[in-house]
Every structure is written in structure tokens, then in C-alpha cells.
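K.L.:
the following comprises the amino acid sequence and a computationally predicted model.
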Amino acid sequence: FDAFTYDPGFTSTASCRSDITFIDGDQGTLLYRGYPIEQLAEHSNFLEVSYLLLYGNLPQKAELENFTDSITRHTMVNESLKNFFNGFHYNAHPMAMLTAVVGSLSAFYHDSIDINDPASRDLCAQRIIAKMPTIAGAAFKHFVGEPFVYPKNHLSYSANLLNMLFSRPSEEYKISPVAEKALDQLLILHADHEQNASTSTVRLAGSTGTNPFAAMSAGCAALWGPAHGGANEAVLRMLEEIGDVRNVAKFIEKAKDKDDPFRLMGFGHRVYKNYDPRATIIRDTCHEVLQEMGMENDPQLELAVKLEEIALKDDYFVERKLYPNVDFYSGLIYRALGIPMSFFTVLFALGRTPGWVAQWMEMVADPEQRIGRPRQIYTGAAKRDYVPVDKR
Ligand code: CMC
């Protein structure tokens, strides 16, 4: 047994070497390829950040143009993919649809993929980044019972996504620049976060040499849970449950009670033992977006602010270094943009896609990487003999 280190939840095991993302959880620092997240969120855009994550440097002008052109040329999905959606009940959770349909892309792109060929890997990467919004848009339209909207390649990545979510054949849809900018920034902030559960899942699945679209689907499945990407949905459900500022103190007590499974959603992080730098940016954006939309007196924003204020002064949260994380305010922005709660995690998945793909590309190209195969400490029965059922 001594041969293996017991590390449940992998709190102290580095599963790989990576050049992509750096986190200092004590300082609250997050860098993509060395660039501070604050600078990227302010000055860059999602496709430029995607390029950075995939290829290691900010693109030259022509490189960005070529990359953007390639992404927009791959936004369409095979028309028969629509049939997958018809198989889902209208109120299927959008993450269920996303996970299944992303995996189904492996049926369209398999024999043509050579994961040992960098050009083939690039094509896979660009295809998945390009097609995710189209699939997400289709899942959304199926969910709300409206006709699918095809991608429009003259729009920016985020504007195209908004158009696929909200435009209807019956009326003119005007894309709000505030919504476009806020969504793009949210996608940037979610783009990578080193070896989190979903990224580790993509790497583990990918380490077997499986189809990359199947590995991305595994990432979606891992992201869905409320302890990971599902937390943004869980935050809004929690705010609904709290209902009134007068109930905040009661819910803080519930979160501290070890006999109560309730946790303050959007609080705490495995790596950050300081304010999550993404949460700082999102909190400011949340105030700006809600103000722009005339929702600055939104009761749920008031609740969130109060919850944060009380928790940050409470010994329980202070001692355990529990701060708001990326998901604490993101749901409020999504809701202000008109996005239903159960769709929030799909947007997280969209944002995380370049990270998943970049990590998959890095892993496949890394000569040190072997199939991911953790060991265990066996705690079951000792060897014993089979007894026929009538003699047990
Ligand atoms: N509310 C109340 N107590 C908490 C919370 C919380 N949100 N988070 C952690 N704790 C307590 C926990 O009970 C434990 O207390 P004790 O030491 O007395 O047993 C201590 O803090 C350490 O927590 P842990 O569960 O050992 O920490 P972890 O690193 O395994 O879990 C986490 C990290 C994010 C899963 C957890 O903080 C949590 O469940 N947070 C709420 C869900 C959430 O917001 N998830 C989104 C994470 S950020 C987005 C993403 O990357 O996916």
C-alpha cells in the first residue's frame, strides 16, 4: 500500500506539466500564457484569447484574421445534427443536450482525424470552438420551443451567439453592444483554469487517444455538476430560495451548520484562498450591466451584495478563506441578458472550450504524457472462496 500516495480529490498531485495557465491561489492571481486576466478581460476578445490559449502567444494581425476566418467558416453543423435535438423532450436540461450533441460530433469527424498530426489537431480545435455556439444555440431554441437560427458569420463570436439565442423569424433582433461586450468578457474569464475537474476529465479521456469531440463531451459532463460549472445556476436558485435580505443571516447559519448539506453557492474554491480575481471583474461588470439595463435595484443583486458582505465578515468564512468565486455574480449577468438559469452552465462550457482544447492539444503533443491511470488503496475483502447460492 505504501507504494501509492493517497490523495483523495487530488489536492496535492500534479498530473501534468503545462505552459497554459498560472494560478496563485493565495495572491488571487490568474495568468493565461503569462498575461494577467484583468488585462485580457479589459483589452482582448474571446477569439484572440482562444488563439492565445491554443498557440501560446497573442496573434499578429494577420494570424488573428486567419484564425477568426477559420472559426467563422466552421460554424455550421451537419444539418442531420438537428435530428438529435428532436429526440429530446422539450424541457431536457440544456447541459444534457450539449453533452450528448457535442459527443455526437465524433460520429461526423472520426476517420479524418489524425491526433498525431498537428494540422489535424488544429482543425479539430477550430471546429469545436466554432461549432459550440451553434450547438448551444440549437439547444436553447429547442428548450424554448423556437426555430433554430443559423450562425451569421459577419457577426463577432459573442454577437453571433446572442443572435442564435434570441433572434426570431418574426421580428428584427437588435444586438445590444452592452450584452455583446459583457458576454465576451464572461467567456474570456471562463476560458481556462488549469487542471480543474472538467479539464482534467478532458485530459484523462483524451489520454486514451479517444476522439477529441468525445473527450470534449466528457468535459461537458464533468462541468455540469453544482460543485463546478453548475454553481452559477445553483447561485441563482439559492438567491431565489433566500428570497429576502432579512433571510440572509439565516442562510449564512445554514451554510455553517455541518449537519446541513447546504453550502453557500458561488463561495469557496479549491485553489483560491483569496478573492477569485475573476469574481472581482465580474462583480464590477455585473453592476455596470444591470445599471445599463435599468436593473440596478434588482432585488437579487441586493441579496448577493448583502450575502457577500456578511459572509466576508463571518469567522467561519474568514478562517476557511472562503471568498466569492467566478460563479457568484455571473448568473446575475446572464439573467439580466435574458438567459434562463438552466442555460448558464452551457455558457460556462462555451467559455471553457478553448481551455479544454488547448489542454488536449498540449497533452497529445507532450512526449511525457501516458494514459491517465490513477491507482487506489484497496480497502475491500481479503481473498475468499466462492460459495454456491444454496450454501450461503
Ligand atoms: N459554504 C460553506 N462552507 C464551505 C463552502 C461553502 N460554499 N465551501 C467550502 N466550505 C467549507 C467546507 O465545509 C470545509 O469546512 P471544514 O473544514 O470545517 O470541513 C472547508 O470549507 C473546506 O472546504 P472543502 O469542501 O474541503 O473544499 P474543496 O476544495 O474540496 O471544495 C468547492 C471547493 C468549490 C467545491 C467548495 O468550496 C464548494 O462546494 N463551493 C460551493 C460550490 C461552488 O461555488 N462551486 C464553484 C467553484 S468555482 C467555478 C469552477 O471552477 O467550477
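P.N.:
Arrived safely.

K.L.:
need the residues of the stretch 201-350 of the chain near the ligand, please.
P.N.:
227-229, 231, 255, 263-270, 320, 322, 325-327 (CB under 6 Å from any ligand atom). All C-beta spots, glycine's among them, are computed from the backbone N, C-alpha and C.

K.L.:
out of these, which are buried?
P.N.:
Buried residues within these, counting neighbours by 16 or more other CB atoms under 10 Å: 228-229, 231, 255, 263-269, 322, 325-327.

K.L.:
spit out the contact partners of the closest residue to the ligand within the chain.
P.N.:
Residue nearest to the ligand within the chain: G268 (2.4 Å; CB to the nearest ligand atom). Applying CB atoms under 8 Å, 6 or more residues apart in numbering to G268 gives the contacts R320, L322, Y323, N325.

K.L.:
buried residues in the longest helix along the chain?
P.N.:
In the chain, assigned by DSSP state H, the helix with the most residues is helix 118-144. Neighbour-count burial for helix 118-144, counted by 16+ other CB under 10 Å, picks out 121-143.

K.L.:
so who does the residue nearest to F140 when sequence neighbours are not counted touch?
P.N.:
Excluding its sequence neighbours, the residue lying closest to F140 (CB to CB, 6 or more residues apart in numbering) is L165, at 5.1 Å. By CB under 8 Å, 6+ apart, the residues touching L165 are A136, G137, F140, K141, V149, I339.

K.L.:
you'd agree L165 is in a helix?
P.N.:
Yes: per DSSP: H, G, I helix; E, B strand; the rest coil, L165 lies within a helix segment.

K.L.:
could you check the pLDDT of it?
P.N.:
Listed pLDDT for L165 reads 96.

K.L.:
and for M295?
P.N.:
88.

K.L.:
how about the helices in the stretch 51-200 of the chain?
P.N.:
Under the criterion DSSP state H, counting those that start in this stretch, the stretch 51-200 of the chain contains helices at 61-73, 82-86, 94-108, 118-144, 157-166, 177-190, 197-206.

K.L.:
taking helix 157-166 as reference, get the angle to the fourth one.
P.N.:
It refers to helix 118-144. Here helix 118-144 runs at an angle of 30 degrees relative to helix 157-166 (axes from the mean of the first three to the mean of the last three CA atoms, to 10 degrees).

K.L.:
pLDDT of helix 118-144, averaged?
P.N.:
96.

K.L.:
re earlier: with distance to Y386 added, can I get the helices of the stretch 51-200 of the chain in CSV?
P.N.:
Below are the helices of the stretch 51-200 of the chain laid out as CSV (distance: least, CB to CB, whole Å):
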stretch, distance to Y386
helix 61-73, 58
helix 82-86, 45
helix 94-108, 39
helix 118-144, 47
helix 157-166, 58
helix 177-190, 51
helix 197-206, 34
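
K.L.:
out of these, which is closest to L301?
P.N.:
helix 177-190 (14.2 Å; CB to CB).

K.L.:
so which elements touch the closest one?
P.N.:
Helices and strands touching helix 177-190, by 3 or more CB pairs under 8 Å, 6 or more residues apart in numbering; DSSP states H and E, are helix 37-43, helix 46-55, helix 157-166, helix 277-292, helix 327-336, helix 344-365.

K.L.:
as a markdown table, those helices with distance to T201 would be great.
P.N.:
Rendered in a markdown table, the data for those read as follows (distance: least, CB to CB, whole Å):
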| stretch | distance to T201 |
| --- | --- |
| helix 37-43 | 23 |
| helix 46-55 | 18 |
| helix 157-166 | 24 |
| helix 277-292 | 21 |
| helix 327-336 | 18 |
| helix 344-365 | 9 |
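
K.L.:
excluding chain neighbours, what is closest to R127?
P.N.:
With CB to CB, 6+ apart as the criterion, R127 has its nearest non-adjacent residue at 4.9 Å, and that residue is H74.

K.L.:
what's around that neighbour, how many residues?
P.N.:
Using other CB atoms under 10 Å, H74 has 18 neighbouring residues.

K.L.:
thinking T99 is in contact with W224, fair?
P.N.:
Yes: with contact defined as CB atoms under 8 Å, T99 counts as touching W224 (6.9 Å).

K.L.:
if we can go back for a sec, G87: which of the helices and strands packed on helix 177-190 is closest?
P.N.:
Closest to G87 of the helices and strands packed on helix 177-190, according to CB to CB: helix 344-365, at 18.0 Å.

K.L.:
and that closest one, what's buried?
P.N.:
The neighbour-count check on helix 344-365 (16+ other CB under 10 Å) flags 344-364 as buried.

K.L.:
what is it packed up against?
P.N.:
Secondary-structure packing of helix 344-365 (3+ CB pairs under 8 Å, 6+ apart): helix 46-55, helix 94-108, helix 118-144, helix 177-190, helix 197-206, helix 212-223, helix 231-242, helix 327-336.

K.L.:
give me that answer again for 6 Å
P.N.:
helix 46-55, helix 94-108, helix 118-144, helix 177-190, helix 197-206, helix 212-223, helix 231-242 (3 or more CB pairs under 6 Å, 6 or more residues apart in numbering; DSSP states H and E).
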